[in-house]
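> Sequence first, then the predicted structure, then my questions.
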Amino acid sequence: MITVRNLHKSFGQNEVLKGVDCEIKEREVVCVIGPSGSGKSTFLRCLNRLEDITSGEVIVLEKNITDPRIDINAVRREVGMVFQRFNLFPHKTVLENITLAPQMVRKESKAKARETALELLGKVGLRDKANAYPNQLSGGQQQRVAIARALAMNPKIMLFDEPTSALDPEMVGEVLDVMKKLAQEGMTMVVVTHEMGFAREVGDRVLFMDQGYIMEEGKPADLFGNPQNERTRNFLSKVL
Ligand SMILES: Nc1ncnc2c1ncn2[C@@H]1O[C@H](COP(=O)(O)OP(=O)(O)OP(=O)(O)O)[C@@H](O)[C@H]1O
């Protein structure tokens, strides 16, 4: 689904990604962990070109998105993204938030968009909140709406950028449960997360990033249980 070859990304003089390679297969759940500032979010944002790529190749669903001639919006329609901050439209209801893009971008009828939205709201456990406004919802509920909104575009890949970092601790579980369900249904997912329990339980593979490199990757049981790299060991000893 995604191939990354020798990806470099700089902000001015600051080289944040220093040559990242990876491959993400269909139905795989890949969790990206690592210390703050190691480049995890930047890496994720390069996967749908929310950041300009300095050099290297990123191929998403067989399209080389580093090629400036490709239609990046067509690729982004296939790749849902959920951010740390949910960014729902405050003056629109939950239902309107979810149905807007399918109607505008996918040219779905209002009735069809509404039917899908209600189905997705059921899936994230918020069927009864269709007519609520974002400020009437808790942070965890808003993030679940944001997930439903991304899913309404029927994406082939979902990118999650620290989706629970801005939430009060008691709301983390409900969002992770929705993500877990999605993973079990076979969605291809790349998840930047500080939730080691989620990475361990739900991830098929974990990438440990540090200082702009993928320092180590492996199955969760191996990476958490028997890390090979000194930096991975060091990081895990602090966060576990
Ligand atoms: N838009 C930007 N302009 C300039 N520098 C940036 C920008 N975005 C990120 N950086 C820098 O890139 C580096 C990596 O940031 P990034 O957000 O990718 O790290 P991260 O591993 O996701 O960290 P965290 O876990 O704290 O979110 C940091 O030094 C950051 O200051």
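Perfect, I can see it now. Everything numeric here is computed off the predicted structure, so don't read it as measured data.

> How about the residues of the protein by the ligand?
For the chain, the residues in contact with the ligand (Cβ under 6 Å from any ligand atom) are 11, 14, 16, 34, 36-42. Quick note: C-beta positions are derived from backbone N, CA and C, even for glycine.

> Kindly recompute the last result at 5 Å.
Counting by Cβ under 5 Å from any ligand atom, the positions of the chain adjacent to the ligand are 11, 16, 36-42.

> Can you tell me what sits against stretch 143-154?
Where contact means Cβ atoms under 8 Å, 6 or more residues apart in numbering, the residues beyond stretch 143-154 that reach it are 77, 80-83, 86-88, 94, 97-99, 101-102, 105-106, 113, 116-117, 120-121, 123-126, 129, 134, 137, 158, 163-164, 167, 171, 174-175, 178-179, 182.

> tell me which residues in it are buried?
143-153 (16 or more other Cβ atoms under 10 Å).

> What about the residues you listed, which are in strands?
Using DSSP state E, no member of those sits in strands.

> related to what we said a few turns ago, okay, the residues of the chain next to the ligand in JSON lines with secondary structure and pLDDT next?
As requested, the residues of the chain next to the ligand are arranged in JSON lines below (DSSP: H, G, I helix; E, B strand; the rest coil; pLDDT from 0 to 100):
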{"residue": "11", "secondary structure": "strand", "pLDDT": "97"}
{"residue": "16", "secondary structure": "strand", "pLDDT": "97"}
{"residue": "36", "secondary structure": "coil", "pLDDT": "95"}
{"residue": "37", "secondary structure": "coil", "pLDDT": "95"}
{"residue": "38", "secondary structure": "coil", "pLDDT": "96"}
{"residue": "39", "secondary structure": "coil", "pLDDT": "97"}
{"residue": "40", "secondary structure": "helix", "pLDDT": "97"}
{"residue": "41", "secondary structure": "helix", "pLDDT": "97"}
{"residue": "42", "secondary structure": "helix", "pLDDT": "98"}
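
> How much space separates the residue lying farthest from the centre of the chain from the ligand?
Most distant from the centre of the chain: residue 111, at 28.2 Å, with distances by Cα atoms, centre = their mean. Between residue 111 and the ligand the distance is 40 Å, computed by Cβ to the nearest ligand atom, to the nearest Å.

> Could you report the pLDDT at that residue?
We have a pLDDT of 97 for residue 111.
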